[in-house]
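Undergrad: What would the 3D arrangement of this be:
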Amino acid sequence: MGKLALAAKITHVPSMYLSEQDGPNKGCRQAAIDGHHEIGRRCRELGVDTIVVFDVHWLVNSEYHINCGPKFSGCYTSNELPHFIKNLPYEYPGNPALGDLIANVANERGVATRAHSDTTLELEYGTLVPMRYMNGDQHFKVVSISGWCVWHDLDTSVRFGRAVREAIEERYEGTVAILASGSLSHHFAENGTAPQYMHKVWDPFLEQVDRRVVELWEKGDWKTFCPMLAMYNEKCWGEGGMHDTAMLLGALGWTEYEAPVEVVTPYFGSSGTGQINAIFPVTPLGE
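TA: A predicted model of the protein is given here:
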């Protein structure tokens with residue numbers, strides 16, 4: 001059947017788009033952009049046809065939701081940071097069939113999920129930023145999944161991630177990549193302090209916890225990291241509740257996962273938050 005070929009935790013900081021523009025910040029996020037280009041290159045090399053993004057900028061209050069329209073196009077300005085991302089054009093093909101399959105499997109596994117193919121839902125920038133650098137030629141189909149799950153628990157998001165993997169491998173005829181699009185610690189620079197935190201993490205505690213987390217990832221010590229995810233999210237202001245990370249690790253096997261990550265863009269601070277691009281090798285799931 002289908003294949004999950006690549007999995008990654010990625011940054012989507014809006015300063016990546018700002019980095020393209022003339023001005024004092026031009027080039028400031030080139031390392032992150034290069035990391036996205038590399039992930040896109042590997043997806044092509046692996047024969048990926050669709051990229052599924054767990055997007056922590058899509059907020060939902062009930063159930064899990066999949067934006068699997070047949071086509072996405074528009075001109076996006078962030079209502080959160082309109083001075084960072086404005087008038088960003090985009091156009092990507094969608095994959096309604098895969099979105100429906102994911103929803104079907106999740107519902108069968110007891111995780112209430114809805115796929116939206118006949119919809120005017122637009123993409124959020126947790127999807128649009130990485131697709132700009134990985135998919136500028138529209139090579140890949142795109143499916144976006146709500147990752148800012150306000151009233152959900154992380155254990156259910158782990159189960160949802162497992163359902164995504166099962167849908168891909170057991171029911172889909174194709175090759176897929178999944179991306180957890182969100183930060184590590186996420187205490188944004190407080191109002192009036194943004195310029196001084198452009199390249200910094202908000203607090204040394206947050207940075208040190210993030211760096212320890214990355215060490216665990218690089219060792220493949222998921223038996224230590226996975227049980228601490230809920231507290232890590234709580235104490236370090238996890239972006240979107242870190243549901244994207246729970247989904248990603250659910251798809252990879254959670255505490256049974258053993259592979260060490262490959263860091264593509266080393267950890268960096270951005271507007272107070274901790275960021276990284278890291279590839280999580282896909283290994284067989286246990287029973």
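Undergrad: ok now do residue 167, which residues does it touch?
TA: Shown in contact with residue 167 (Cβ atoms under 8 Å, 6 or more residues apart in numbering): 98, 101-102, 104-106. No exception for glycine: its C-beta is placed from N, CA and C like everyone else's.
Undergrad: would it count as being in a helix?
TA: Yes - the assignment for residue 167 is a helix, going by DSSP: H, G, I helix; E, B strand; the rest coil.
Undergrad: Contacts only, for residue 271.
TA: By Cβ under 8 Å, 6+ apart, residue 271 lies in contact with 13, 15, 188-189, 194, 197-198.
Undergrad: beta partners for the spatially most central residue of the chain?
TA: Centrality entry for the chain: nearest residue to the mean C-alpha point is residue 181, 1.7 Å, by Cα atoms, centre = their mean. Bridge pairing for residue 181 (DSSP bridges) gives the partners residue 10, residue 55.
Undergrad: what's the spacing between it and residue 211?
TA: Distance, residue 181 to residue 211, by Cβ to Cβ, to the nearest Å: 21 Å.
Undergrad: Residue 11 now?
TA: To residue 211, residue 11 is 16 Å away according to Cβ to Cβ.
Undergrad: Same drill for those two, tell me which one is more crowded.
TA: residue 11 (29 against 13; other Cβ atoms under 10 Å).
Undergrad: you'd agree that one is up against residue 32?
TA: Yes - judged on Cβ atoms under 8 Å, residue 11 makes contact with residue 32 at a distance of 5.3 Å.
Undergrad: Common neighbours of those two, please.
TA: 265, 275, 277.
Undergrad: In JSON lines: these, plus secondary structure, pLDDT and neighbour count.
TA: Listed next are the shared contacts of residue 11 and residue 32 as JSON lines, based on DSSP: H, G, I helix; E, B strand; the rest coil; pLDDT from 0 to 100; neighbours: other Cβ atoms under 10 Å:
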{"residue": "265", "secondary structure": "strand", "pLDDT": "98", "neighbour count": "21"}
{"residue": "275", "secondary structure": "strand", "pLDDT": "98", "neighbour count": "29"}
{"residue": "277", "secondary structure": "strand", "pLDDT": "98", "neighbour count": "25"}
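Undergrad: Low-confidence ranges, the stretch 101-250 of the chain, go.
TA: Nowhere does the stretch 101-250 of the chain drop to pLDDT under 70.
Undergrad: Now do the strands in it.
TA: 113-116, 141-149, 175-181 (DSSP state E, counting those that start in this stretch).
Undergrad: so what secondary structure elements neighbour the shortest one?
TA: This points to strand 113-116. Where contact means 3 or more Cβ pairs under 8 Å, 6 or more residues apart in numbering; DSSP states H and E, strand 113-116 is packed against strand 64-67, helix 96-108.
Undergrad: The residue nearest to the centre of the chain: what's it in contact with?
TA: So residue 181 contacts 10-12, 53-57, 126-127, 129-130, 147, 244 (Cβ under 8 Å, 6+ apart).
Undergrad: How much space separates it from residue 123?
TA: From residue 181 across to residue 123, the span is 11 Å (Cβ to Cβ).
Undergrad: Now the common contact residues for those two.
TA: With Cβ under 8 Å, 6+ apart as the test, residue 181 and residue 123 both reach residue 55.
Undergrad: Could you give the number of residues near the residue lying closest to residue 149 once chain neighbours are set aside?
TA: Excluding its sequence neighbours, the residue lying closest to residue 149 (Cβ to Cβ, 6 or more residues apart in numbering) is residue 243, at 4.5 Å. The local packing of residue 243 (other Cβ under 10 Å) involves 32 other residues.
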